[in-house]
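Colleague: curious how this folds, go ahead:
(2 chains)
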Amino acid sequence: MSTLKEKLYAELLLKMEIAQEGITFDKKILEQIGLGGKRQEQVQCLFNYNREADASLDLPPFMVLPHGLTTFFLYDRKAPNRLTFDSKGYYVVRQNGDAVPVQFTERPRYYDKFTIDGTPMRTVAIHNTDGVVFVAYSNECSLQATSKDCLFCNINATKATFGEKQGVKWKYPSQIGETVAEAYKEGNRHVTISGGFVPERREVDYYLDVAEAIKEHTGLDDFNGTACIGAPRDLSVIEKYKEAGFRTLAINIEVWNEHFFRAYCPGKELECGGRQHWINALEYGVGVFGRGRVRSNMVGGLESKESTLEGIEYLTSKGVLAIAPAWNPNPGSALEGHRAPVPEWHVDLSKKTYALYKKQGYTWDEIYDGNAAPLTLVHDIYRIEEGRLPIFGNSEFKVPEIVQSSQIRETVAV
Amino acid sequence: MPTLVAPAPTASRASSQAKSRLKKDLYEELKLKLAIYIEGVHYSDRVAQKLIDADFLHKYEIQNINLNGAKRRDTFPKPVYLPHGFYVNFRYEEDSLLEVVENDGTFGIERRGQYLSDVTLGEEADWHFKKLADGTLYRDIARASSYGVPDKSLITAYSEECSAKSNGETCLFCCYNSKVRREGEDEWQQRWKHPGQIAQVVKEAYDEGYSHFTLTGGFVPERRELDYYIDVAEAIKEKLGRDDFNGTACIGAPLDLRIIEKYKEAGFSTISFNTEVWGKEWFNVINPVKVTACGGFDNWIKAIEYAVKVFGPGKVRSNFVVGLQPKDITFQGIDYLASIGVVTVASSFIPMIGSPLEGHRSPTVDWHWDAQLKHAQILRKYGRTYEEIYDATPVRTLTHDIYQVEDETWHSFAELEAESQLN
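Modeller: Modelled structure (predicted):
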C-alpha cells in the first residue's frame, strides 16, 4: 500500500502528463459541463495554450484530479486522452485504458458581472484558482512590429484568433480596479498585472494608475499585487512599483543561458539592456521588495535542465523566486509544432527547485504571493509536503477511484 | 560502382494515374517511416517475446538506465522493412502511440488500435559478423548504414568518445560520451579503431557491393585528427588497390583552413562539417566545443565555403539537427549552404539517452514531415543530384527516399512498369 504522499506524487505526474498530452472530446460533452454557467470557462486574455485554436468552442480551463490536484485542460484533437461522461461524472480516458475521474472548477461570480462602462469582468481578470486572479492589461505585444517577439510566445496570435470573438481588449485602470474589487469580495486575495510590451515602454505610469484604482475600489493599501514587467533601463524605476503598493515584482528572464536569452528573447535583449541587465534588475528588485518578493519565470524545457537549474540556484540564492513552469509550445508561436520535455523531466526539475527553495527558506506564502497562477508543480510539492490540500486531515474526503474505461458507461460516444 | 538507381524503362506504359497513386502510397509510407523514427514504438511483453523468438531483439539490446529514471528503451540494430521496401530501425519508447503487434507470425504497426501497416523484420549485413585476424568483429569497426537499396554505405566512428567531455563542452544533442549500460554488458567498451582494421572492413564491404564510406568520430584531444584521417585513407587505398574509394571525411572546422586541402589530397572525395544549428547564438549554446576548438560559428561557415572551393559543389556536406530551433531559422541556414553547393542533411532531432537533452522531445511528426519535404525541395532547387547526396551522406535519409520517389527511380516504379507491360 502506498502512502498518501506517494499517491499525491503519482497524481503530480499524472497532472503533468494530462496537461502536456492534452484532451480530445466529442463537442457535445461541452454542453453538459455547464461552462459559463456553474463551471468556469477559458478566456484567452494572453496565451492560448490549446493546440487547436478554435474560438467557437467554450472550454474549461482546469480539471481537478481525484486527490485534489488541479491540472490544465488543453484541447488537442490528436491527444491520447479523451474526455467522457457517465452517470457518476466526468472521466479522462487515457491511452492505457485508465479512466480518471475529474471535476471542473466553479465559475467565479464576478465572471457574470460588468464594469460601469459595460465591459465583462471575465475579460478583465481571469480566475487562476485558489484565490488568484490575473490581469493582462494589454493582449498584444509591440515587439511584433520589429519581429522581435519571444520565440515561445503567442500573445499576438492569441489576440488575432480570440481577441474580437471573446471581447478581450486593452484594459483601463478603473476597469481593473472594479473587477479586482469584485473578485476580492468573493474571497480572492492575489492579483498579477501583466501584458505584452507597450510601445515606448510607457508601462510604469500605467501600473501606478492601476495600483491606485485597485486601492480605491478595494479599499486596501496592500492589495497583494504582483507587477510583472520588463527590466527597466533605469533601475530606480523599480522603487515606484513598491511605492505604488505592489507587494511583489516579477521580471521574467525566460532562459538562463546568455546566448539562448538573445536567441529566444530578441526583444528583451533589445528593449531591456540584455540578459546581464535583466539579472541586475532582479537583484535590484530584491533590494527594494525584499527576499522572496521578486519572481522570475523561466520557460521549463527550452534549454537543458542543467542550465535551468544553474539559473534557479543562482537566482534563488540572491533572493529571487526563480521558477520554470513547463513550456507549452503554443500555436502561433515560432515554436509551434515543437514539444516540451517528457513529464518526468518537469517533475524532477520541480522537485529540485523545491529543494533549492527550502534551502533558502522560502515559504508557501511567498510563492503564493509571487506567482501569477498557484498551479505550478512547485506549488503542488509545497501542498503535498506541508499538508495543504483538502484531503489532509479530512476523513470525509472521498477519493474517486481510477477505473478501467470498460467499467464506465459512457453517455457521450466518440 | 553499382547501379544507383533502377533503370528507367524506354517507353513507359504505366498510366500517369497509376504512377500518381503509387507516389501517394509511397509518401504515406515514408511518413510512417518518419513517425516510427520520431516517436519510436512500444509493444507488449508478449510481442517482445515474439521479437526475441524471431531473433530480432536480443537481451543485449534492452537498455534499462537513463538519467530520468529506470525506463526501458530497447534498441534494434536490425532493419525493419515497410511494404514498399523502405527501411527503418525500431526504438522502444514507452509512451509512443505506435504499437508493434503480431498475428500468426506477421508483425505490424498500429496507432491507437488502428492497423497501419505490415512490417518485415530484416537482418544485419552479413559482413558485420566476420572477424579480423585480431578477433575483432567487423561490426565493432564499421556498420552498414543503408538497407534495402543497391547503393550501400558504411560508416566508421573511429573513436567512441569525444574529448569535449573533459571540458564540459559536449554538444547538447550528443550522447557520444554517455555510458548507458546494456543488459549483458558489465561496462561500456571504448574501442579505438586502427587504420588497418578499417581498411580491411571497407575492402570486404566493397567486395560485397558497398560503394560509399564515411569516417567520423568524436573530437580527439589536441585536434590530432588530420594525421589519423590520412593514415586511414592510405590504408584503404592500399587495400582496395585504387585511389578513389568514395570516402567522406567528417571533421571539425580547422582553424587553419588550408588543412582542408590535405583531406582532398589524401583521397577523400567528399568532406563534411556538421553545423547542426543555424545562427551564432544557437551554435554557441548547442555546440560549445565547436566554439572553443573550431573558432566558432563564423569560422565554421568559412571552412564550409573554403571546402566548396577545394572539393567542388555537391562534394561538401553539412548536417543540421532539425527540431532544435525554430524551423525558419534552421532553413535560413540550409538554404544558404545549399545555395553555395553544400549537400545539407536534415537529421530529425531524437533526444538521446545520456545526452544533455535527454528527456526533451522532438517536434511533432507533422512538423518534421514538412521539414523533410522542404529540405528535399531546397536541394533540388540548387541542383543537387541523388548521386551527390548519396556520395556525401553517411546514412540513407528521407531525402534519398524523396528524391527517388520524385525521380520515379524507386524500385516500385519499375515493378509498376513491369506489371503494365504484362497487361
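Colleague: CA only for contacts and neighbour counts going forward, please
Modeller: Fine.
Colleague: so who does residue 327 touch?
Modeller: Here I'm looking at chain A. For A:Trp327, the contact set (C-alpha atoms under 8 Å, 6 or more residues apart in numbering or on different chains) comprises A:299-302, A:340.
Colleague: um, chain B though
Modeller: A:335, B:371 are the contacts of B:Lys327 under C-alpha under 8 Å, 6+ apart.
Colleague: buried stuff in stretch B:91-108?
Modeller: For stretch B:91-108, the neighbour count (16 or more other C-alpha atoms under 10 Å in any protein chain shown) marks B:91-94, B:96-102, B:107-108 as buried.
Colleague: can you sort out which of the contacts of A:Trp327 also neighbour chain B?
Modeller: When C-alpha under 8 Å from any C-alpha of the partner chain is applied, the members of these adjacent to chain B are A:301, A:340.
Colleague: closest to A:Tyr75 out of the contacts of A:Trp327?
Modeller: Closest approach to A:Tyr75 among the contacts of A:Trp327 (C-alpha to C-alpha): A:Ala340, at 16.0 Å.
Colleague: which residues are contacting stretch A:208-225?
Modeller: Looking at what lies outside stretch A:208-225 - C-alpha under 8 Å, 6+ apart - the contacts are A:172-174, A:176-178, A:180-181, A:184, A:189-193, A:240-241, A:244-248, A:369.
Colleague: where do the strands sit along chain B?
Modeller: If DSSP state E is used as the criterion, the strands of chain B fall at B:62-63, B:73-74, B:80-81, B:87-88, B:98-103, B:106-111, B:114-121, B:143-144, B:152-157, B:210-216, B:247-250, B:270-272, B:316-322, B:342-348.
Colleague: pretty sure A:Thr192 is touching A:Val133, no?
Modeller: Yes - in this structure, A:Thr192 is within contact of A:Val133 by C-alpha atoms under 8 Å, at 6.7 Å.
Colleague: between these two, what contacts are shared?
Modeller: Here A:Thr192 and A:Val133 share the contacting residues A:Ala372, scored by C-alpha under 8 Å, 6+ apart.
Colleague: using CSV, write out the CA atom coordinates for the helix or strand where A:Lys240 lies.
Modeller: Secondary structure from DSSP states H and E places A:Lys240 in helix A:238-244. What follows is helix A:238-244, C-alpha atoms only, in CSV (Å, rounded to 0.1, in the frame of the first residue of the first chain):
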residue,chain,number,x,y,z
ILE,A,238,11.5,49.7,-9.6
GLU,A,239,11.1,51.7,-6.4
LYS,A,240,8.0,53.3,-7.9
TYR,A,241,6.2,50.0,-8.2
LYS,A,242,6.8,49.3,-4.5
GLU,A,243,5.7,52.8,-3.5
ALA,A,244,2.5,52.4,-5.6
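Colleague: could you list the paired strands of the helix or strand following it along with their orientation?
Modeller: Note on helix A:238-244: by DSSP H and E, the next helix or strand toward the C-terminus is strand A:248-250. In the sheet, strand A:248-250 lines up against strand A:225-228 (parallel), strand A:294-297 (parallel) (DSSP bridges).
Colleague: JSON lines for the ones you listed, including mean neighbour count and mean pLDDT?
Modeller: Shown next, in JSON lines, are the strands paired with strand A:248-250 (neighbours: other C-alpha atoms under 10 Å in any protein chain shown; pLDDT from 0 to 100):
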{"stretch": "strand A:225-228", "mean neighbour count": "26", "mean pLDDT": "96"}
{"stretch": "strand A:294-297", "mean neighbour count": "26", "mean pLDDT": "98"}
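Colleague: for A:Ala53, which of the ones you listed is the nearest?
Modeller: Nearest to A:Ala53, of those and by C-alpha to C-alpha, is strand A:294-297 at 24.7 Å.
Colleague: which is the next helix or strand following that closest one?
Modeller: With DSSP H and E, the next secondary element past strand A:294-297 is helix A:305-317.
Colleague: now the nearest residue to B:Lys280 once chain neighbours are set aside: how far from chain A?
Modeller: Nearest non-adjacent residue to B:Lys280, counting by C-alpha to C-alpha, 6 or more residues apart in numbering or on different chains: B:Phe297, 5.5 Å away. Using C-alpha to the nearest C-alpha, to the nearest Å, B:Phe297 is found at 13 Å from chain A.
Colleague: what sits against B:Phe297?
Modeller: B:Phe297 neighbours (C-alpha under 8 Å, 6+ apart): B:279-280, B:283-284, B:290-291.
Colleague: now do the strands in the stretch 51-200 of chain A.
Modeller: A:62-64, A:70-72, A:81-86, A:89-93, A:98-102, A:126-127, A:132-138, A:190-195 (DSSP state E, counting those that start in this stretch).
Colleague: got a markdown table for the ones you listed, with mean neighbour count and mean pLDDT too?
Modeller: Below are the strands of the stretch 51-200 of chain A laid out as a markdown table (neighbours: other C-alpha under 10 Å; pLDDT from 0 to 100):
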| stretch | mean neighbour count | mean pLDDT |
| --- | --- | --- |
| strand A:62-64 | 21 | 97 |
| strand A:70-72 | 23 | 97 |
| strand A:81-86 | 22 | 93 |
| strand A:89-93 | 21 | 95 |
| strand A:98-102 | 22 | 96 |
| strand A:126-127 | 25 | 96 |
| strand A:132-138 | 24 | 90 |
| strand A:190-195 | 24 | 93 |
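Colleague: distance to chain B added to those strands, as CSV?
Modeller: Converted to CSV, these look like this (distance: least, C-alpha to the nearest C-alpha, whole Å):
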stretch, distance to chain B
strand A:62-64, 22
strand A:70-72, 20
strand A:81-86, 11
strand A:89-93, 13
strand A:98-102, 14
strand A:126-127, 30
strand A:132-138, 26
strand A:190-195, 24
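Colleague: looking at those strands, spot the one closest to B:Gly148.
Modeller: Of all those, strand A:81-86 comes closest under C-alpha to C-alpha, at 37.4 Å.
Colleague: for ChimeraX, write the select line for the buried members of the contacts of A:Trp327.
Modeller: This is how ChimeraX selects the buried members of the contacts of A:Trp327, with burial counted by 16+ other C-alpha under 10 Å:
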select /A:299,300,301,302,340
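Colleague: and the furthest pair within the contacts of A:Trp327?
Modeller: Between any two of the contacts of A:Trp327, the greatest separation by C-alpha to C-alpha is 9.9 Å, found for A:Val299 and A:Ala340.
Colleague: quick one: which of the buried residues of stretch B:91-108 is nearest chain A?
Modeller: B:Leu97 (7.9 Å; C-alpha to the nearest C-alpha).
Colleague: how about that closest one: what's its closest non-neighbour residue?
Modeller: B:Arg111 (5.6 Å).
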